[in-house]
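Asks: Sequence plus predicted model, see below.
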There are 2 protein chains.
Amino acid sequence: MSRSKERANQGSTTGSDFLQLDIGQAPPGGRTDWLADRLRAAIADGTLPVGSRLPASRVLAGELRVSRGLVTEAYQRLAETGQVSGRGRGGTVVVAAPPRVTTPPPVPARGGLVDALRAVPCRIDLSPGVPDLTAFPRTAWLQAERRVLAGLTPADFGYGNPQGAPALRTAVAGWLARNRGIRADPDEVVIVAGVAQALGLLAQVLRDDGAARRIAVEDPGSLGARQQLEYGGLEPVPVPVDEHGLDVAALRASGAGAVLLTPAHQFPTGVVLDGERRRDLLGWAADGGLVIEDDYDAEHRYDRAPVPALRALLPEGVCYAGSVSKLLAPALRLGWLLVPPRLAEAVTAAKRYADLGNPVLAQLVLARLMDSGELERHLRFVRRRHRRRRDVMLRAIAERLPGARVHGAAAGLHLMVTFDGAAIEDTALAAAALDLGVKAHPLSWHRLGAGPPGLILGYAAGSTGDIEEGIAALGTALRKISGRGKVSGRERQPRPGSRVVRG
Amino acid sequence: MSRSKERANQGSTTGSDFLQLDIGQAPPGGRTDWLADRLRAAIADGTLPVGSRLPASRVLAGELRVSRGLVTEAYQRLAETGQVSGRGRGGTVVVAAPPRVTTPPPVPARGGLVDALRAVPCRIDLSPGVPDLTAFPRTAWLQAERRVLAGLTPADFGYGNPQGAPALRTAVAGWLARNRGIRADPDEVVIVAGVAQALGLLAQVLRDDGAARRIAVEDPGSLGARQQLEYGGLEPVPVPVDEHGLDVAALRASGAGAVLLTPAHQFPTGVVLDGERRRDLLGWAADGGLVIEDDYDAEHRYDRAPVPALRALLPEGVCYAGSVSKLLAPALRLGWLLVPPRLAEAVTAAKRYADLGNPVLAQLVLARLMDSGELERHLRFVRRRHRRRRDVMLRAIAERLPGARVHGAAAGLHLMVTFDGAAIEDTALAAAALDLGVKAHPLSWHRLGAGPPGLILGYAAGSTGDIEEGIAALGTALRKISGRGKVSGRERQPRPGSRVVRG
């Protein structure tokens, strides 16, 4: 960004006066630690905001009258704990200290917390929402692409159908029939750049329509999805989620004209919308409400029967969005959207004006992988691996996070733990974990109402060794922040083991 | 689309009553022709609108008491001339007869005319805006992709930087420096899904900003770009283009806060914005106006020196958009956007919420092709071929389109012809050409004010044989519609040859 470059350029001529550093305060033999601590404090209190550049090591060393190596070493420590990044021409820039923010704003600027956390380097990443990326079928992808390239006509390289390549729409219709019980005509499928774009297009259409500016969202629910709707000009209205799923009575009472929910595996709690609630919700939709079903990870399940998609039951009342982000890789930016007939024209127009349609090559490669059964083979493979990793995480939590209650581990790529009676801030816990090189989302990021502190822990992307080490680090972080006296007396006694709720 | 499916379903139970067909009127031995003609008339007068389905051949044959083969044959003739499409389960659907529309609405629904024309099958496509797609470097692309896939870390398959992969932003900065004289930091580059998305993002940011709801556009100018801005909530204000380029005095007088223009090779006239106008325009920008430079085909030039980009002269006042659509293929949906520092945050946020960033694989493949020099080699190759095709088209026009005046042939992928004194409708000319299987854009589609009839003729995508045959068909079409008495006496005498204006 030009703005950060401007800051950086200012930084290169700026000294350290504003940091008020007095090297005389440093303990003998501990000057590197002292400097790193002072810089951390300056980042925490905003003196060095995210995006700002640290003074050039040469400049700072000169002003403090210490060796340049000492300054470089202090900067290196901040890099290792993820507060700063970069070297060379661009200088050392403060990238983020996101979990230190105690109350995230509803929509942080520029994608905010989640993006910022994504950008922070770490040793072990337990962020939710990412499958096993080491398993990406590189060879199969390349083979399919070779065949696609060999078979394309010149016209196929031209401007395509904004709604998506017919071959992929047909393949997706087949995929949804086999895996999600949805009968859809390929003409109903709109190929999109992931669920994020699907939500953006729907927000635009609902906003322009004027009928549903207020849209109910699950609470707790995905921060990212809520931001997407807000950016699109809608007003998210939180509706509580309990152990049966979304509270449909509260939805009715909210007066919202539409609802975004994750019925097959609620994010982040992992709850399945139960039979009675499904009936209630479909009744609400039959009365004119619009359901937006975010089926983000429904293909991943371990200990339970598949849950049919709401779209399969009421196509005229349900928008359905899914993607390959959890099946293959988020980097592909490829997904699908089905909408009720009354919204079809407006949504296709919105997709057209967004980007004239997804890139064609990747669409045709995916169609091949779906049609050939390669994607289903891949899914079976990663499912076994994900299950093993989940089991390792459950064992590690039982050993290392006494008092943690586990939710929603029967399906998906993440689980949720809550510390039900503990008087801790989960943002502080996540910050302490990040200091140890481990990333995890605090539950409070994804919640608007009150509730116990907790963490969302992704288990699919990392090795079993990383999972064990990461959970151990969380245990250390938990003891550290509890040791600050923020944990109630009852909680300070470690329980013998964690309890698993709703398997 | 579900709606067209609904229509189609209606069609399947609908007979031909509404067509008022009386087989008794058919000449003996000419019943197939008669039926095809009647159906064409029904399409032309809207009895069979675009998107509607023809009666099932079995049903129609039964009602007319003719053989099913006769009906099938009549449908086949309509398919050959591009009015209908499809077979099998979906039935035969009226796809378009767009050039029959005499006055296109400023923003037709759902992308409208251009999309509809794109969907019509034809023998020879002289639509503008498409490079030689047979030359797409399939082998080089696949090789680069193999290397990219081999080198990716698992994290690279995750959620990427919404602003674009750093490797591609660096490569694009280098490309723009080498080819367009633009010095840009990679941090300033936003990777987008083509110029269409760039305009959509800018429209969104300008609309939300409120400062520039009225945006000047060139007249004549790109219909597609105008639609993109209108869909994004801006109000395009036409400003005339003359032989020096955009009329900057008229721009000042319009009161618009921003202008979208194509200074290096104006679409569709091919005029280059001359030195005095450039200075005037940059003065207007220095006074606070925002210039949006659509550099859609600037890499393609033949008989003249390169024209530096406006962005190179005034980075703080110029947004710059380009893409690989004319370099490699529109199907890649991959381009770049540079904006002044004051808009950088808002544009990056808009891109983030649009789709979380472009797919990563294709970004990295393109970065390799740019860095390795492969893309420049490809450009040199297609430039030679395009030039040859342009020369063939110029000769064919001189022979076959007497009275045509040629504009803007020194660069780009298309040229414009006008029939300056002729009292013909260029939409009728394009329609007559489409009846002969040849597609071309009528100039009036891309113009809001008055002016002579004309055509926009793309020469880059087709073979020299197709170009000769296509121009010959245009000559036939011109004689046909002139024969209807719409050409003035002076124009009815073919001139000895066409004149080439501004080479």
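Replies: Good, I have the coordinates.
Asks: And for whatever residue of the stretch 401-503 of chain A ends up closest to chain B, the neighbour number?
Replies: Taking Cβ to the nearest Cβ, chain B has its nearest neighbour within the stretch 401-503 of chain A at A:Ala461, 7.5 Å off. No exception for glycine: its C-beta is placed from N, CA and C like everyone else's. Number of residues near A:Ala461 (other Cβ atoms under 10 Å in any protein chain shown) recorded here: 27.
Asks: State the phi and psi torsions of it.
Replies: The phi/psi pair for A:Ala461 (degrees, to the nearest 10) reads phi -80, psi -20.
Asks: buried residues in stretch A:463-475?
Replies: Buried residues in stretch A:463-475, counted by 16 or more other Cβ atoms under 10 Å in any protein chain shown: A:464, A:466-475.
Asks: returning to that earlier point: wait, what's in contact with the residue of the stretch 401-503 of chain A closest to chain B?
Replies: A:Ala461 makes contact with A:125, A:127, A:130-133, A:413, B:154, B:158, according to Cβ atoms under 8 Å, 6 or more residues apart in numbering or on different chains.
Asks: nearest to B:Pro402, of those residues?
Replies: Nearest to B:Pro402 among the contacts of A:Ala461: B:Gly158, at 61.5 Å, using Cβ to Cβ.
Asks: if we can go back for a sec, from the contacts of A:Ala461, which land in strands?
Replies: Among the contacts of A:Ala461, the ones falling in strands (DSSP state E) are A:Asp125.
Asks: May I ask which of the contacts of A:Ala461 has the most neighbours?
Replies: A:Pro131 (29 neighbours).
Asks: Distance-wise, check it relative to chain B.
Replies: According to Cβ to the nearest Cβ, to the nearest Å, A:Pro131 and chain B sit 9 Å apart.
Asks: I'd assumed A:His414 was in contact with that residue.
Replies: No. A:Pro131 lies out of contact with A:His414 (Cβ atoms under 8 Å); the separation is 10.6 Å.
Asks: hey, what's in contact with both of these two?
Replies: Common neighbours of A:Pro131 and A:His414, counting by Cβ under 8 Å, 6+ apart, are A:Ala460.
Asks: follow-up on the earlier one: which one of the buried residues of stretch A:463-475 is nearest to A:Gly24?
Replies: Checking those against A:Gly24 by Cβ to Cβ gives A:Ala473 as the nearest, at 35.1 Å.
Asks: Out of the contacts of A:Ala461, flag the one nearest to B:Leu223.
Replies: For those, the closest approach to B:Leu223 (Cβ to Cβ) belongs to B:Gly158, at 39.2 Å.
Asks: near chain B, which residues of the stretch 201-350 of chain A?
Replies: Residues of the stretch 201-350 of chain A lying close to chain B by Cβ under 8 Å from any Cβ of the partner chain are A:227-228, A:231-232, A:328-334, A:340-341, A:344-345, A:348-349.
Asks: again, only using 10 Å
Replies: By Cβ under 10 Å from any Cβ of the partner chain, the part of the stretch 201-350 of chain A that sits against chain B consists of A:201, A:203-204, A:208, A:224, A:227-233, A:315-316, A:325, A:328-335, A:338-350.
Asks: Show the contacting residues for A:Ala135.
Replies: Listed by Cβ atoms under 10 Å, 6 or more residues apart in numbering or on different chains, the contact partners of A:Ala135 are A:328-329, A:378, A:381-382, A:385-386, A:460-461, B:154, B:157.
Asks: Can you verify my assumption that A:Ala193 contacts A:Ala354?
Replies: Yes. Counting by Cβ atoms under 10 Å, A:Ala354 is a contact partner of A:Ala193 at 8.2 Å.
Asks: Let's see which of the residues of the stretch 201-350 of chain A next to chain B end up in strands.
Replies: Among these, the ones falling in strands (DSSP E) are A:335, A:338.
Asks: Derive a ChimeraX selection command for the buried subset of the residues of the stretch 201-350 of chain A next to chain B.
Replies: Those of those that count as buried under 16+ other Cβ under 10 Å are selected in ChimeraX with:
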select /A:201,203,204,224,227,228,229,230,231,232,315,325,328,329,330,331,332,333,334,335,338,339,340,343,344,345,346,347,348,349,350
